[in-house]
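>>> this is a predicted model, with the sequence first.
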Amino acid sequence: MIEFDDVVKTFPDGTTAVDHLNLTIPDGAITVLVGPSGCGKTTSLRMINRMIDPTSGTIRIDGKPVGDTDPAELRRGIGYVIQAAGLFPHRTVVDNVATVPVLAGTSRKKAREQARELLDRVGLAPHLADRYPVQLSGGQQQRVGVARALAADPPVMLMDEPFSAVDPVVRDGLQQEFLRLQGELGKTIVMVTHDIDEAIKLGDHVAVFAEGGRLEQFCPPDQLLADPGNDFVSGFVGRDRGYRGLSFSSAEHLPVEPADTVVEGLRLALDGDGRALGWDGDGSTGGRLPTEGTFTASDTMRRVTDLAILSPAGAAVRVDASGRVDGLVRHAVVAEHLRTRQLERLRSHGRSTAGAEG
Ligand SMILES: Nc1ncnc2c1ncn2[C@@H]1O[C@H](COP(=O)(O)OP(=O)(O)OP(=O)(O)O)[C@@H](O)[C@H]1O
């Protein structure tokens, strides 16, 4: 657990980068610090490993003030990944990853072996391990940066805009791999980004900062979307937060109608195994129409809504684990389900009108 206890950072020129920050970062989860440029995210991150010391207040890791720990010793237990990876240009990829273990006393041979395993784990092709960083793409360098931070197996990882230097498609791939890796490793990760979508996708918890280094809200991403605490957070989270919030709603309790229900004059055609073939009409629709995909009860409401919108019948097709159709959901049912849930949510937060202070 990493605790910020009334932490202030004022730089010598009088800039207050972090203003009375109180924040408890849980173990084994990803906490994302997000906010507009200059709001103190990086300063907060760097105070954890003492690259910057606070003006007042205390930061503790597992109850121990970081100010009482020697910075070099502190950093051995804290991996650090920065934008554009920050690799040593004159060392090969494998030696970049092996550097810290060698400094810590592991033999070079053993450290290189472990480095190759780690590079494999972060999804870098084996033949790239003997190249120099300049011979890799931005996304590949980023993977090496993550592998290097993991090499000392630190319980805590600090990541400053780790995926921002690559294009959106590569970034999406890196984010997915990162979530997969974290699912295996369960590190305590603190990540900085200015991208609210990245924060919502990756964070188990999201801390929204405003200009002047003030923490505005700290909560899980679904709560941030459903119930932004004030106008600043609401504006920062964006206008389509309702739709994006569907990614966090399960389709599990959605009522379904029988698969043979005629919807808008269309009936779902099934093969001998009960799999969807498409929608058949009375001939006026010009042949069989596509279902545009199916969902299972463990999918999200976003998936179901998308399918219902795309469906020529206006109904999403649900299948069981073996792919057999077991029901239909019309978009009117999706809309009613969402409306009821939102009403329950507002009531449980004690808010009778949307937009009131939560
Ligand atoms: N060494 C310094 N001296 C003076 N002011 C500084 C120093 N480092 C940072 N600042 C200021 O402190 C504030 C917070 O900076 P910080 O880098 O923490 O913001 P940030 O939220 O990470 O921004 P960005 O997303 O642009 O990286 C900014 O106003 C910045 O100009």
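Perfect, I can see it now. Numbering: from 1, shown residues only.

>>> neighbours around whichever residue of the stretch 101-250 of the chain sits closest to the ligand, how many?
Nearest to the ligand, among the residues of the stretch 101-250 of the chain, is residue 194, at 4.7 Å (C-beta to the nearest ligand atom). C-beta: built from backbone N, CA, C; applies to glycine. Using other C-beta atoms under 10 Å, residue 194 is surrounded by 17 other residues.

>>> wait, doesn't it sit right on residue 33?
No: using C-beta atoms under 8 Å as the test, residue 194 is too far from residue 33 to be in contact (9.8 Å).

>>> residue 136 reaches residue 147, doesn't it?
No: Residue 136 is not in contact with residue 147 according to C-beta under 8 Å; the separation is 12.0 Å.

>>> compare those two (neighbour count), which wins?
Comparing residue 136 with residue 147 by other C-beta under 10 Å, the one with more neighbours is residue 147, at 28 against 18.

>>> what's the helix or strand harbouring the more buried one packed up against?
If you go by DSSP states H and E, residue 147 is part of helix 138-150. If you count contacts as 3 or more C-beta pairs under 8 Å, 6 or more residues apart in numbering; DSSP states H and E, helix 138-150 packs onto strand 78-82, helix 93-103, helix 108-121, strand 156-160, helix 168-185.

>>> sorry, back to before: dump the residue contacts of the residue of the stretch 101-250 of the chain closest to the ligand.
34, 35, 36, 37, 41, 161, 164 (C-beta atoms under 8 Å, 6 or more residues apart in numbering).

>>> sitting in strands, which of the residues you listed do you find?
residue 34 (DSSP state E).

>>> wait, which of the contacts of residue 194 is closest to residue 335?
residue 34 (30.3 Å; C-beta to C-beta).

>>> isn't the closest one up against residue 197?
No: shown here, residue 34 and residue 197 do not form a contact pair, counting by C-beta under 8 Å, at 9.8 Å.

>>> and those two? Which one has more around it.
Between residue 34 and residue 197, residue 34 has the larger neighbour count (other C-beta under 10 Å), namely 24 against 13.

>>> pLDDT score for the more buried one?
We note a pLDDT of 95 for residue 34 in this prediction.

>>> repeat that for residue 254.
92.

>>> SS state for it?
Here residue 254 is recorded as coil under DSSP: H, G, I helix; E, B strand; the rest coil.

>>> pull the number of nearby residues for it.
20.

>>> can you pull the contacts of it?
297, 301, 304, 318, 329, 333, 334, 337.

>>> tabulate the residues you listed (JSON lines), appending distance to residue 115 and pLDDT.
Output for these, formatted as JSON lines (distance: C-beta to C-beta, whole Å; pLDDT from 0 to 100):
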{"residue": "297", "distance to residue 115": "42", "pLDDT": "93"}
{"residue": "301", "distance to residue 115": "42", "pLDDT": "91"}
{"residue": "304", "distance to residue 115": "44", "pLDDT": "95"}
{"residue": "318", "distance to residue 115": "46", "pLDDT": "96"}
{"residue": "329", "distance to residue 115": "49", "pLDDT": "95"}
{"residue": "333", "distance to residue 115": "53", "pLDDT": "90"}
{"residue": "334", "distance to residue 115": "49", "pLDDT": "90"}
{"residue": "337", "distance to residue 115": "50", "pLDDT": "87"}
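
>>> thanks again, I'm all set now.
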